[in-house]
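Peer 1: sequence-free structure coming up:
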């Protein structure tokens with residue numbers, strides 16, 4: 001291992017990564033964010049193509065790094081940021097699927113395409129917490145981050161997100177999940193919240209609803225980009241509040 005490079009999956013040196021990190025699943029979305037929003041930036045990681053950047057947005061230092069797809073990948077990268085690089089705040093930005101259908105819970109029925117969701121807590125079929133010896137922990141967002149987000153906007157839906165270990169989940173299985181009081185389904189947040197709790201750090205997951213896998217609905221590419229940009233801008237404003245209000 002290189003000197004001052006604390007993990008095998010990230011070539012950043014200590015000090016290269018800001019205290020607040022935005023984490024999209026897709027590393028190319030990290031590239032998109034810095035190219036379209038940052039005043040300046042440097043790439044600190046390209047190991048396995050998991051791009052990471054640090055730069056400035058409205059004069060505030062922020063990092064953006066991909067997490068990859070699924071609980072195992074998020075488990076690796078978020079743990080290494082928290083424990084290896086002393087990151088204080090991770091804001092997950094991603095897409096989620098609505099589970100609205102005729103037999104869904106009232107909460108699930110209330111979620112539409114293009115909505116912005118915030119995961120207050122997580123229900124899951126993942127065994128991640130047991131695997132890392134944290135089965136007693138309940139995966140929940142940082143109150144500090146959630147409260148700061150709600151100071152910025154109330155135009156979001158806050159509640160329970162379902163983290164699935166399977167992307168191509170059987171439709172009938174999704175219908176059963178929809179009967180729970182969940183806002184939607186995604187694949188990473190359980191690991192992020194467990195790692196944050198284990199490390200004593202802060203995490204919050206924000207999503208744009210891009211599709212409904214039960215009904216076979218999805219937003220078109222233009223609407224997807226618009227919705228993702230709205231979510232990205234919200235997360236960037238939250239990152240600024242973290243910096244200015246002493247959460248780093």
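Peer 2: Noted; the coordinates are in hand. Remember, predicted model here, so these are calculated numbers, not experimental data.
Peer 1: low-scoring stretches of this protein, by residue?
Peer 2: Applying pLDDT under 70 to the chain flags residues 1-3, 247-248.
Peer 1: Across the sheet, point out what pairs with the residue nearest the centre of it.
Peer 2: Closest to where the C-alpha atoms of the chain average out (CA atoms, centre = their mean) is residue 92, at 1.9 Å. Here residue 92 sits in beta bridges with residue 23, residue 205, going by DSSP bridges.
Peer 1: Would you check how far apart it and residue 191 are?
Peer 2: 10 Å (CB to CB, to the nearest Å). C-beta: built from backbone N, CA, C; applies to glycine.
Peer 1: Between the two, which contacts overlap?
Peer 2: Counting by CB atoms under 8 Å, 6 or more residues apart in numbering, the contacts common to residue 92 and residue 191 are residue 74.
Peer 1: quick one: what helix or strand has residue 126 in it?
Peer 2: Of the helices and strands defined by DSSP states H and E, none includes residue 126.
Peer 1: Give the burial count for it, as a bare number.
Peer 2: For residue 126, the tally of surrounding residues (other CB atoms under 10 Å) stands at 25.
Peer 1: Show me what the helix ranked longest in the chain is packed up against.
Peer 2: In the chain, with assignment by DSSP state H, the single longest helix is helix 221-244. In terms of contacts (3 or more CB pairs under 8 Å, 6 or more residues apart in numbering; DSSP states H and E), helix 221-244 is packed against strand 20-24, helix 27-37, strand 52-57, strand 60-65, strand 89-98, strand 116-124, helix 143-152, strand 202-212.
Peer 1: Can you add distance to residue 170 and give the ones you listed back as TSV?
Peer 2: Shown next, in TSV, are the helices and strands packed on helix 221-244 (distance: least, CB to CB, whole Å):
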stretch	distance to residue 170
strand 20-24	27
helix 27-37	28
strand 52-57	35
strand 60-65	32
strand 89-98	14
strand 116-124	17
helix 143-152	32
strand 202-212	15
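Peer 1: wait, which of the ones you listed is closest to residue 137?
Peer 2: strand 116-124 (10.7 Å; CB to CB).
Peer 1: Touching, residue 29 and residue 67? I think so.
Peer 2: No. With contact defined as CB atoms under 8 Å, residue 29 does not reach residue 67; the gap is 10.2 Å.
Peer 1: The two: who's more crowded?
Peer 2: Set side by side, residue 29 and residue 67 show more neighbours around residue 67, with 27 against 19, by other CB under 10 Å.
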